[in-house]
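>>> Generate coordinates for the sequence data below:
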Amino acid sequence: MTRTRLRPRLASGRSAVIGIPYLWLLLFFLLPFLVIVKISVSEMDAARFLDLVTFKDGALAFNLHFATYLLLVQDDLYLTTWLSSLKYAAVTTVLCLVIGYPFAYFMARARPTRQPALLMLVMLPFWTSFLLRVYAWKGLLTEHGWLADAIEALGLDRLLAGAGLIPAPGQLMNTPFSLVIGMTYAYLPFMILPLYSNLSKMDLRLLEAAFDLGANAWVAFWKITVPLSRAGIIAGSMLVFIPCVGEYVIPELLGGPQTQMIGRTLWDEFFSNNDWPMACAVAAAMVLLIIVPVAIFSRYRAEAAERPT
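Below you'll find the model as predicted:
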């Protein structure tokens, strides 16, 4: 009898706990996104937006304007900046993975007494302002900055110029090189933390079994460690790639004219051109172009996990 009475309470409590994330998404994602979509199809008159639905003389009229979305397809500026954002976000994600995976692997294999200190070192940059950290790179890479002087002394600036990452030897600031360096530094912890969480939970007996079967360390790493850490790689890549696409602060401070990204285009439409419908159309298209592939991929992963092996 007591169990029968407890079941409805447990069910209602479970539903309340599950409903909290959905409520959060509703309040802080769906509703703001709907506001953005509403502004993107509105007509702007001076400093206010005209109503989308009007009722006059017994007739209901819908005033929806999709010219902004047509302009996204017709104007090469938006396509160019979007592709540029995807390119720099992808390069940053790959660099974060190449740098972050060895660091996360070292943390996961370190002694348990040292892991908290290593984890604190990864999170230490978050204790300072994001803007100050980006400004620090501006000081390092500017002319006569000590990092810029070191790169020039080693002759690496000539290699960077030959690769097209900087326009000329000695000019490191406001280039694709400075942009990628700044974004890699800023988002590297977002790659390390999911990888560390995944690698620290891996069953080491699988590696011992591989060694017993004759596999060397390199084969065991690629055949066992990397496949088992795939979830951490995907999670870290998403945490880096998605915010990099819409990044504004780093391209504004470290980038240049040849590193125009969609975040800068949004700023220009909002505050320079004062064209809020166009800016909201760019933002809505950017969100959809990112969320839809991620949702499809997540559904595919869930279906693959449910399939019998």
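
>>> Tell me, what's the model's pLDDT at residue 214?
Residue 214 is assigned a predicted lDDT (pLDDT) of 88.

>>> and it, how many residues sit next to it?
Taking other C-beta atoms under 10 Å as the neighbour definition, residue 214 ends up with a count of 7. C-beta: built from backbone N, CA, C; applies to glycine.

>>> gap between it and residue 55?
Here the criterion is C-beta to C-beta, to the nearest Å. By it, residue 214 lies 79 Å from residue 55.

>>> ok, and the closest residue to residue 146 other than its chain neighbours, which helix or strand is that part of?
Excluding its sequence neighbours, the residue lying closest to residue 146 (C-beta to C-beta, 6 or more residues apart in numbering) is residue 140, at 6.7 Å. Take DSSP states H and E as the rule and residue 140 turns out to sit in helix 130-141.

>>> can I get the CA coordinates of that helix in CSV?
As requested, C-alpha coordinates have been extracted for helix 130-141 and formatted as CSV (Å, rounded to 0.1, in the frame of the first residue of the first chain):
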residue,chain,number,x,y,z
PHE,A,130,38.2,36.9,-21.2
LEU,A,131,38.8,40.4,-22.7
LEU,A,132,42.0,40.9,-20.7
ARG,A,133,43.4,37.5,-21.9
VAL,A,134,42.7,38.5,-25.5
TYR,A,135,44.3,41.9,-25.0
ALA,A,136,47.4,40.0,-23.6
TRP,A,137,47.8,38.3,-26.9
LYS,A,138,47.5,41.6,-28.6
GLY,A,139,50.5,42.8,-26.6
LEU,A,140,52.5,39.6,-27.2
LEU,A,141,52.0,39.6,-31.0
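
>>> if we can go back for a sec, was I right about the residue nearest to residue 146 contacting residue 149?
No. Using C-beta atoms under 8 Å, residue 140 is not in contact with residue 149, being 9.8 Å away.

>>> neighbour count winner among these two?
A count of neighbours by other C-beta under 10 Å puts residue 140 above the other of residue 140 and residue 149, at 19 against 13.

>>> quick one: pLDDT of the more buried one?
Reading off the model, residue 140 has pLDDT 91.

>>> residues touching it, list them.
Taking C-beta atoms under 8 Å, 6 or more residues apart in numbering as the criterion, residue 140 is in contact with 146-148.

>>> could you flag which of those are buried?
Neighbour counting over the contacts of residue 140 (16 or more other C-beta atoms under 10 Å) leaves residue 148 as the buried ones.

>>> For the contacts of residue 140, give me a markdown table that also has secondary structure and pLDDT.
A markdown table is the format used below for these (DSSP: H, G, I helix; E, B strand; the rest coil; pLDDT from 0 to 100):
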| residue | secondary structure | pLDDT |
| --- | --- | --- |
| 146 | helix | 87 |
| 147 | helix | 89 |
| 148 | helix | 89 |
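
>>> and of the contacts of residue 140, the nearest to residue 239?
Using C-beta to C-beta, residue 147 comes nearest to residue 239 of the contacts of residue 140, at 26.5 Å.

>>> how close does the closest one get to residue 139?
9 Å.

>>> For the helix or strand hosting residue 232, enumerate the helices and strands it packs against.
When secondary structure is defined by DSSP H and E, residue 232 falls within helix 230-245. Counting by 3 or more C-beta pairs under 8 Å, 6 or more residues apart in numbering; DSSP states H and E, the packing neighbours recorded for helix 230-245 are helix 76-109, helix 176-199, helix 276-306.

>>> and the residue lying closest to residue 193 once chain neighbours are set aside, what pLDDT?
Spatial nearest neighbour of residue 193, chain neighbours left out: residue 122 (6.7 Å); criterion: C-beta to C-beta, 6+ apart. pLDDT recorded at residue 122 is 91.

>>> For residue 122, grab the count of nearby residues.
What residue 122 shows, counting by other C-beta under 10 Å, is a neighbour count of 17.

>>> how far is stretch 108-126 from where the chain is centred?
Centroid separation between stretch 108-126 and its chain, computed with C-alpha atoms, centre = their mean, to the nearest Å, is 23 Å.

>>> Export that stretch to CSV, keeping only CA atoms.
Extracted C-alpha coordinates of stretch 108-126, given in CSV (Å, rounded to 0.1, in the frame of the first residue of the first chain):
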residue,chain,number,x,y,z
ALA,A,108,44.1,11.2,-17.0
ARG,A,109,47.2,9.0,-16.6
ALA,A,110,48.8,11.2,-13.9
ARG,A,111,48.7,10.2,-10.3
PRO,A,112,45.4,10.8,-8.6
THR,A,113,47.0,13.2,-6.2
ARG,A,114,48.3,15.4,-9.1
GLN,A,115,45.1,15.4,-11.1
PRO,A,116,43.4,18.2,-9.1
ALA,A,117,46.4,20.5,-9.6
LEU,A,118,46.5,19.8,-13.3
LEU,A,119,42.8,20.4,-13.6
MET,A,120,43.2,23.7,-11.7
LEU,A,121,45.9,24.8,-14.2
VAL,A,122,43.5,24.1,-17.1
MET,A,123,40.7,26.2,-15.4
LEU,A,124,43.0,28.9,-14.1
PRO,A,125,42.5,31.2,-17.2
PHE,A,126,38.8,31.4,-16.4
